[in-house]
Every structure is written in structure tokens, then in C-alpha cells.
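A.B. asks: Give the three-dimensional model of this entry:
(4 chains)
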2 protein chains.
Amino acid sequence: MAEPVRATPPTTLLPVILAALEEDIVFGRLHPRERLIEEEIAARFGATRHTVRQVLVELERLRLIERIPNRGALVKAYSPAEVQQLYALREMLETQAAALIPLPLGDDALAPLHALQRRHAQAVAASDARAVFRADLAFHRALYAHCGNVFLAETIEELGQRAQVIRYASLRSQASMEWARDQHAAMLDALRDGERDTLVTLCAAHFHPARQAYLSQHPALLS
Amino acid sequence: MAEPVRATPPTTLLPVILAALEEDIVFGRLHPRERLIEEEIAARFGATRHTVRQVLVELERLRLIERIPNRGALVKAYSPAEVQQLYALREMLETQAAALIPLPLGDDALAPLHALQRRHAQAVAASDARAVFRADLAFHRALYAHCGNVFLAETIEELGQRAQVIRYASLRSQASMEWARDQHAAMLDALRDGERDTLVTLCAAHFHPARQAYLSQHPALLS
DNA sequence: GTCAACGGGATTGTCGACAAAATCATCGAC
DNA sequence: GTCGATGATTTTGTCGACAATCCCGTTGAC
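C.D. replies: Model prediction:
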């Protein structure tokens, strides 16, 4: 149990619980292999068990938990080999997507990206991990939306969500967050100036520190 | 409504309904945009509405239907542009996966693939569309399992499932099914002989006819 | 001492019924 | 004749309660 109950309007508790549990997992307040008990969660949020159940289904779809019939839900754990493979695939997809974005990107398209970049930078400045998390997600989604392939963009986002647990290991350090911020800025410059190679390189290397951090922090996850 | 009720043990109706609806959609007995009504389905299979509801959630996860809050579930439709993009991504991923499979593949690994190939060939010979469908799926899953990246294999399979609705447009013709069968055989030869270029080319071109068939059959899906 | 059967408590799964929302046909105003 | 409101009907969403299953500590036999 990590956070106190949050006062909310009587209906639509579902998205609140979903976001809360998502963050609990991503920020490591719930550890890999930890069990999620429906009734506990229901009590925490003042919701019915039915609502919690739907949230768990959704978390399973996001691959943040695993649900075993009659046994309950566990926070998913990734072995080092899986981390390597997941990141290899992400690198492949994001490289391809970066190669597909039409360059240079016009101001109409750049403006929203700059806005998201500012939001991210502000969150970093405020050391607000939760805001950094959300802003980073939004920035990458907006970036890859320009690759011209809805399914590629969707797949990249899904894999990003799956990697959130891993990524957070690096989000913890202020230095890493600042590094990501500067990389985002460099990406925007490359988009503006039409520097394809720079962009592709930036996208490919963007998440290496996260992988490293996770592997060094969880040396014993050889399940 | 397409099929009669099937007598089954009292419990675990869920997978039965899931498989039935999946085939109804893939084989075009349920058309794009057609509405799936919970109570009708429940009555057809003698299940409770709760069970049907879970099936619909699962079908949504497979991207075969779309569920709109308070409005119900619709069979998903793809616009020509989406079909192009989906197939472009599949081609990219399957090409990469084919490039990652260690060659030549040993007999231990080839034997199960040959078995699946035989199953597929028999289904084609019997003109059993349902069996062809399942066998084709199993063959490709087993093939790409050798690429060494679980997530890549999973993603390929998911995109394949999403494309099933489209793919079936070509599965209809006996000639197309025989063509697929011969391509599978050629893939196995390339795997055995270590002919990387042949394999990659085969994998990349494997589903072109399906895309063409879908686009020519649904010219008006420009939603 | 080990292991298998057993039971109490905890946890998940399913059901029937009711509530909320959307759809559709009808009706009236302009 | 078209358009917008109104109410009945269809359809989906949610709830509380009960059933099934699993977990785990205990007991007893060998």
C-alpha cells in the first residue's frame, strides 16, 4: 500500500485507480512479483471490487501486471535477457520511425513538439518525477506520430509503456532527466534543420541509460 | 447470426465463444461495422451476458472489434490507407525477424516446422478454410519464434492477428492458399540451406496478395 | 522426520437483478 | 416537408451476494 485515498467524484473512479496503480508500478512503489489484491485496492479507493477488476484487466493489457486464473495479479518482472530484447526491438522501431519522418518538419508541426518539450523541461526543473514521466510519454507520442504509419506509432507507444517499469530506474536521477531533456531539444533541432542522421542517432541512443540502470539495479531477476 | 449453438460442458464457455466470434469476424460472417449485441450472443451460446462481455473485452484486445462506452461493440474496419500502413509495418518487422533467424536451422528446429507445414498443406488440399487459417497462424508463429527476440515475435503475431480480417480476403481462393503453401515450403528450404536472401525476400513478399485482395474487395471503406 | 490428507480462512470468479444510457419511433411546431 | 422535442424500448453498465478455488497451517500415518 503506497498512497492515501484520493477524494473524487462518485462516478468514473476507474481512470483514477488505473492512473494511480500505473504510477505505483512504474515508480517502483509496487515491486515486481508483488501481489495486487482486489479487495485491498477497492478499500483504498472506496470503489467496488468490480471496478478494480476492470482496472486489473486494463493493467494486464498494458503488460504491467500478469493475471493468473484463480490466483490473482502480480506486478510483471523482466529478466535481463528480456530487457535486452525489449530494448533491441524499441531501438529498431524508433530508428525506422525516425527515418520515416518527413524532414525538415514545418513550424506548424514543430510548435506542439516545442510546447511538450517545455513542459518536460519544467517538470525536470521542478524535479517532479510524475510530471516528467507523463511529459516524456507525451513528447515521444507526438514525435512518432509524424512517421506516417499509425500502427508503427502505436507499437512504439505500447513497447514504451511496457518499458516504463524499466525506464523509471533511470528517471530517478536528476542527471538522467536532464540528459533526456537535452536530447529532446537536440531532436527538435534536427527536425527543424532536416538533419536525418542526427535524428536517427538520437532516437536510437535515447534510452540506453535506462536499460543499463535497470540491469544494474535488478541483478537477481533471472527468473 | 451465423452459426448454431454448440453443445458444451457447463463451464468454460468463454474460449468457445471467443473462437466462434473470432472466426465469424475473420471469415467475414460478421461484416465490418456490424454490431455485436451482448444479449443476442449470450442467447446463441446459452451463456450469461457476463461471459459474453469478457469475450468482447478479449476481442477488443485482439483489435478485431471496437467497443464504444454505452454504445456497444462493432467489428473493426480498416481504411485503405490503414491497410497499406499495417502491411508496411508487417513487412518491415518480418523482414527484420527473418534476418535475425540463425541460419542454417538445425534439424531439431526444422522438424516441428515441417510438421506444421504438412498440416497446412493438408488443410489446403482439403479446402478447409478454417483449418488453413489456424495452421497458417501456427506456422508463422513457430517460424518467427526462432528470431531470438520474444517481443519481436509477439509483435509480429499481434499484427498478424490484426491483419486476419484483411488476410482472409485472399484465403478465399484456392489458388492463393496453394501459393501460400508453396511459399512455406520454399521458406523451409531456405532455412535448411542457410539462404538468407531468399528467406528474407520470401518473408517480405509473403502477404502481398492479401493486401491487394482486400483493397480490391472493399473499395468503399474510406471512412 | 517426511509426506499426504484435511480443513479454515482468504481470494478470486460468477450470477441475477437493477440502474443508466443510448436508440428509435412518434408527434407536433414552424 | 423538415426539424427538434418526447417517451418507450433496447442495450449497456454496475452492484451486492454467493459459489468456487486456492493457500497454508495442522494433523496424523508410516
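A.B. asks: Any idea what the spatially closest residue to residue A:37 that is not a sequence neighbour is bridged to?
C.D. replies: Spatial nearest neighbour of residue A:37, excluding adjacent residues (Cβ to Cβ, 6 or more residues apart in numbering or on different chains): residue A:72 at 6.7 Å. C-beta: built from backbone N, CA, C; applies to glycine. For residue A:72, the residues forming beta bridges with it (DSSP bridges) are residue A:68.
A.B. asks: Give me the outermost residue of chain A relative to its centroid.
C.D. replies: residue A:70 (29.1 Å; Cα atoms, centre = their mean).
A.B. asks: tell me the pLDDT at it?
C.D. replies: For residue A:70, the pLDDT comes out at 93.
A.B. asks: Doesn't it lie inside a helix?
C.D. replies: No - counting by DSSP: H, G, I helix; E, B strand; the rest coil, residue A:70 falls outside a helix, being coil.
A.B. asks: Name the surrounding residues that touch the helix or strand that contains residue A:54.
C.D. replies: Per DSSP states H and E: residue A:54 is located in helix A:49-61. For helix A:49-61, the external contacting residues (Cβ atoms under 8 Å, 6 or more residues apart in numbering or on different chains) are A:13-14, A:17-18, A:21-22, A:25, A:36, A:38-39, A:41-42, A:45, A:65-67, A:73, B:57, B:61.
A.B. asks: so what are the domain limits for chain A?
C.D. replies: Per automatic domain parsing, the domain ranges recorded for chain A read A:14-75, A:80-217.
A.B. asks: quick check, distance from the helix holding residue A:54 to the centre of its chain.
C.D. replies: Chain-centre distance of helix A:49-61: 19 Å, with Cα atoms, centre = their mean, to the nearest Å.
A.B. asks: average pLDDT across it?
C.D. replies: Computed over helix A:49-61, the average pLDDT equals 97.
A.B. asks: swap in stretch A:201-214?
C.D. replies: 77.
A.B. asks: can you list the residues of chain A near DNA strand C?
C.D. replies: A:35-39, A:49-50, A:53, A:67, A:69-73 (Cβ under 7 Å from any atom of the strand).
A.B. asks: repeat that with 10 Å
C.D. replies: A:11-12, A:35-42, A:48-50, A:52-53, A:56-57, A:67-74 (Cβ under 10 Å from any atom of the strand).
A.B. asks: if I read this right, the residue nearest to residue A:37 contacts residue A:39, doesn't it?
C.D. replies: No - using Cβ atoms under 8 Å, residue A:72 is not in contact with residue A:39; the gap is 10.7 Å.
A.B. asks: okay, these two: which has more neighbours?
C.D. replies: residue A:72 (14 against 9; other Cβ atoms under 10 Å in any protein chain shown).
A.B. asks: Give me the distance between the more buried one and residue B:48.
C.D. replies: 23 Å (Cβ to Cβ, to the nearest Å).
A.B. asks: Likewise for residue A:153?
C.D. replies: 38 Å.
A.B. asks: Counting neighbours around each, name which of the two comes out higher.
C.D. replies: residue A:153 (23 against 11).
A.B. asks: Give me the helices and strands touching the helix or strand where the more buried one lies, please.
C.D. replies: Using DSSP H and E, residue A:153 sits within helix A:150-162. Here helix A:150-162 touches helix A:80-100, helix A:129-144, helix B:80-100, helix B:150-162, going by 3 or more Cβ pairs under 8 Å, 6 or more residues apart in numbering or on different chains; DSSP states H and E.
A.B. asks: Now stretch A:130-138: buried residues?
C.D. replies: Within stretch A:130-138, the residues that count as buried by 16 or more other Cβ atoms under 10 Å in any protein chain shown are A:132-138.
A.B. asks: And for stretch A:47-54?
C.D. replies: Quick answer for stretch A:47-54 (16+ other Cβ under 10 Å): A:47, A:51-54.
A.B. asks: Could you export the residues you listed as TSV, including distance to residue A:176?
C.D. replies: Converted to TSV, the buried residues of stretch A:47-54 look like this (distance: Cβ to Cβ, whole Å):
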residue	distance to residue A:176
A:47	35
A:51	35
A:52	33
A:53	36
A:54	34
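A.B. asks: now, among these, which is nearest to DNA strand C?
C.D. replies: residue A:53 (6.6 Å; Cβ to the nearest atom of the strand).
A.B. asks: gap between the closest one and DNA strand D?
C.D. replies: Going from residue A:53 to DNA strand D by Cβ to the nearest atom of the strand, to the nearest Å gives 10 Å.
A.B. asks: Any regions of chain A where pLDDT drops low?
C.D. replies: By pLDDT under 70, the low-scoring segments of chain A are A:1-11, A:169-172, A:209-223.
A.B. asks: Tell me which residue in it sits closest to DNA strand C.
C.D. replies: residue A:72 (3.1 Å).
A.B. asks: List the contacts of that residue.
C.D. replies: Residue A:72 neighbours (Cβ under 8 Å, 6+ apart): A:35-38.
A.B. asks: Could you show which parts of chain A are in contact with DNA strand D?
C.D. replies: A:10-14, A:35, A:39, A:42, A:46-54, A:68-72.
A.B. asks: could you redo the last one with a cut-off of 7 Å?
C.D. replies: Checking chain A against DNA strand D by Cβ under 7 Å from any atom of the strand, the hits are A:11, A:14, A:47-51, A:54, A:70-71.
A.B. asks: tally of neighbours for the closest residue to residue A:146 other than its chain neighbours?
C.D. replies: Counting by Cβ to Cβ, 6+ apart, residue A:146 lies nearest to residue A:101, which is 4.7 Å off, once chain neighbours are set aside. Applying other Cβ under 10 Å, we find 21 residues neighbouring residue A:101.
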